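Enquirer: how would this look folded up:
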Amino acid sequence: MTATLDRPAAATGPAHGLVGTWQLTRLALRRDRIVLPIWIVLLGIMPSTSSGTFETLYPTAAERAGLTASMGANPSLSLIYGPAFDLSTAGGFTAWRLGGFLALIIGLMAVFTVTRHTRAEEDTGRAELLASAVVGRYALLTSGVLVSAGASVLIGLVEVGLMVGAKLPADGSWALGAATAVTGLVFTAIAAVAVQVAEYARTANGIGATAVGVAFLLRAVGDSTSDATWVSWLSPIGWAQQIRPFSEERWWVFLLPLAAIVVVGAAGYALLPRRDVGTGILPPRPGPAEAATSLRSPFALAWRLHRGPLIGWVIGTAVCAAVFGSVASGIGDVVGQSEQAREIFQRLGGTNGLIDAFMAAMTGLFAMVIALYGVQAALRIRAEETAIRVEPLLATGVGRMRLLGSHLVFAFGGTALMMVVSGVLLGLSNGMRAGTVGDSVGDMVGASLAQLPAIWVITGLAVALFGLAPKFSTAAWAIAGVALLLSLFGAVLNLPRVLLDASPFSHVPKLPAAEFTATPLIWLTGVAVVALAAGLMGWRRRDVG
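Expert: Numbers count the residues shown, from 1 in each chain. Okay, the predicted model is just below:
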């Protein structure tokens, strides 16, 4: 019989329901002793390190005076960055450029952290063992919430301390840091509901990530459409920006996220005792009595397991590519009246050079995000293995390599499909506005395909960990995350070149803004092949489970 979260009988009542919370929190912190510090440090230092670029690009008061009007009136920039309230100061410019991005990233961090320490524990069966011992019904959820909430608050405090240390106004620093922190708390509460509704960790992560994506889209629509500005007030990310750090801060806006935290968080705790361990509020659909003939092969089974995430990723990639491609033609307004910035972009080829550089940056960003799908697809068979669903398959006539190969088709082929989709939509949406659809689509598809070797290095390393060190296969997420963060912020933080080169994305030619060079792509492909071969050999020889 499945244990329920109401057990044991001794752990009843409000106080007893939290028995064991401290021990589970310590365990969660120990498990995240590498991941959480990375999140805290990188998100915490971004505002203070980025504020220095404002004075470099716009050194005079005359250049700064017209920034708010020129950039704030551009719907394309408002869609990406949000409303421009006061860009005449380093703090206001930093809050505009990074405020929404910080809210987006900390939201994802909160969702993944809560799910990892709650629903994922139920998937592995460990939560059921805990529920049968002297552990309160709310202890597991509370420990996950505490870790996520604590990390969010600490990120906000680090932001405040470093911004004040960089001599930015204290009021604005506290407003931006608090806005980041409360956004993390809002999505922590949303994740607490998602893990009760969903039956599996991947579904809970999907619900939470979808909530983050919807919040970003609501904010983008409201800020870029003059007749629908109210839409951004439906988004937690919109709330963070409406606080207006460094621009006559509106402290009353904090009431909205605080109310959401209380209401949504209470809903998560109210739903918890209404389900059994290992199940969700939404019951799974009963399957047919007999399997369909289409499931008679390992590849058909792999398609059934991967089709949902693959379709979702492809749709999300297509939508984002179409949006970012359509705003490329307006990106030249970022230069403003800065002579120094104008000289930089003239060396890139003038306005066209700026657009090419923007498109190259977008292609690299899509590649880094799509690499996360590669890791997810490559490690799906590990989830099947730990759930003891691989061993029965291997007991039949299905071979190991055939089973693993079926999953790898989606890991490597799925990433290729997404890069092609992103290239087509980036080029098509930009070309339709510029009147050069054919050339733009061709250039962007080529630029997107050039990113594949770097993506496949990350995916290959995930396969290598699965085959050689399955207990540490989740470290593939850390590898992908570090590569992404190094590529995004390494140059901003002036990190040594040896660290920047650790990311495979730093070796890819920045097409279409740069010349094509095949040598780094050949080397990256070789590394991916070696990692893949090592993983296949390890899987062939090691014990299952």
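Enquirer: which ones are touching the residue nearest to Gly125 when sequence neighbours are not counted?
Expert: The spatial neighbour of Gly125 that comes closest, neighbours along the chain excluded (CB to CB, 6 or more residues apart in numbering), is Gly278 at 7.8 Å. C-beta: built from backbone N, CA, C; applies to glycine. Contact analysis of Gly278 by CB atoms under 8 Å, 6 or more residues apart in numbering lists 2, 122-123, 125, 127-128, 199.
Enquirer: and Gly278, how close does it get to Ala198?
Expert: Here the criterion is CB to CB, to the nearest Å. By it, Gly278 lies 12 Å from Ala198.
Enquirer: how about Gln241?
Expert: Counting by CB to CB, the separation of Gln241 from Ala198 is 29 Å.
Enquirer: out of the two, which sits in the more crowded spot?
Expert: Gln241 (25 against 21; other CB atoms under 10 Å).
Enquirer: which phi and psi does the closest residue to the more buried one other than its chain neighbours have?
Expert: Once flanking residues are discounted, Gln241 sits nearest to Gly82: 4.5 Å by CB to CB, 6+ apart. Main-chain dihedrals, Gly82, degrees, to the nearest 10: phi 110, psi -180.
Enquirer: before we move on, back to that, show the buried residues in the contacts of Gly278.
Expert: 122-123, 127-128, 199 (16 or more other CB atoms under 10 Å).
Enquirer: of all the residues you listed, which comes closest to Gln23?
Expert: Here the nearest of those to Gln23, counting by CB to CB, is Ala127; it sits at 14.0 Å.
Enquirer: ok, now which ones touch Ala211?
Expert: Ala211 touches 107, 111, 187, 190, 194, counting by CB under 8 Å, 6+ apart.
Enquirer: packing partners of the helix or strand containing the third one?
Expert: Per DSSP states H and E: Phe187 is located in helix 170-197. Helices and strands touching helix 170-197, by 3 or more CB pairs under 8 Å, 6 or more residues apart in numbering; DSSP states H and E, are helix 90-116, helix 139-165, helix 201-224, helix 236-242, helix 255-271.
Enquirer: okay, the fourth one in PDB with CA atoms only?
Expert: If I follow you right, that is helix 236-242. Output in PDB follows, covering the C-alpha atoms of helix 236-242 (Å, rounded to 0.1, in the frame of the first residue of the first chain):
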ATOM      1  CA  PRO A 236       5.200  38.900 -11.500                       C
ATOM      2  CA  ILE A 237       8.000  39.900 -13.800                       C
ATOM      3  CA  GLY A 238       6.000  43.000 -14.700                       C
ATOM      4  CA  TRP A 239       5.600  43.800 -11.000                       C
ATOM      5  CA  ALA A 240       9.300  43.700 -10.400                       C
ATOM      6  CA  GLN A 241       9.900  46.300 -13.100                       C
ATOM      7  CA  GLN A 242       6.900  48.500 -12.100                       C
END
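Enquirer: give me every residue in contact with it, excluding its own residues.
Expert: Against helix 236-242 from outside (CB under 8 Å, 6+ apart): 82-83, 95, 99-100, 102-104, 107, 179-180, 182-183, 186-187, 215-216, 218-219, 222-223, 232-233, 250, 253, 256-257, 260.
Enquirer: do the same with stretch 303-315
Expert: Identification of contacts with stretch 303-315 by CB under 8 Å, 6+ apart yields 202, 206, 295, 370, 373, 376-377, 380, 384, 407, 410, 414, 417-418, 421.
Enquirer: which single one of the residues you listed is nearest to Trp539?
Expert: The closest of the contacts of stretch 303-315, once distances to Trp539 are taken by CB to CB, is His407, at 10.7 Å.
Enquirer: dump the residue contacts of the closest one.
Expert: The contact partners of His407, taken as CB under 8 Å, 6+ apart, are 302, 305-306, 377-378, 380-381.
Enquirer: who wins for most neighbours among those residues?
Expert: Counting neighbours by other CB under 10 Å, the top entry in these is Ala378, with 30 neighbours.
Enquirer: surely that one meets Ala464?
Expert: No: Ala378 lies out of contact with Ala464 (CB atoms under 8 Å); the separation is 9.6 Å.
Enquirer: show me which of the contacts of Ala211 are buried.
Expert: Of those, these count as buried by 16+ other CB under 10 Å: 107, 111, 187, 190, 194.
Enquirer: so which two of the residues you listed are the farthest from each other?
Expert: Every pair of the buried ones among the contacts of Ala211 checked by CB to CB; the farthest is Gly107 and Ala194, at 12.1 Å.
Enquirer: now the residue nearest to Gly125. Its backbone dihedrals?
Expert: Here the main-chain torsion angles of Gly278 (degrees, to the nearest 10) amount to phi 90, psi 0.
Enquirer: relative to Leu500, how far out is it?
Expert: Computed with CB to CB, the distance linking Gly278 and Leu500 is 44 Å.
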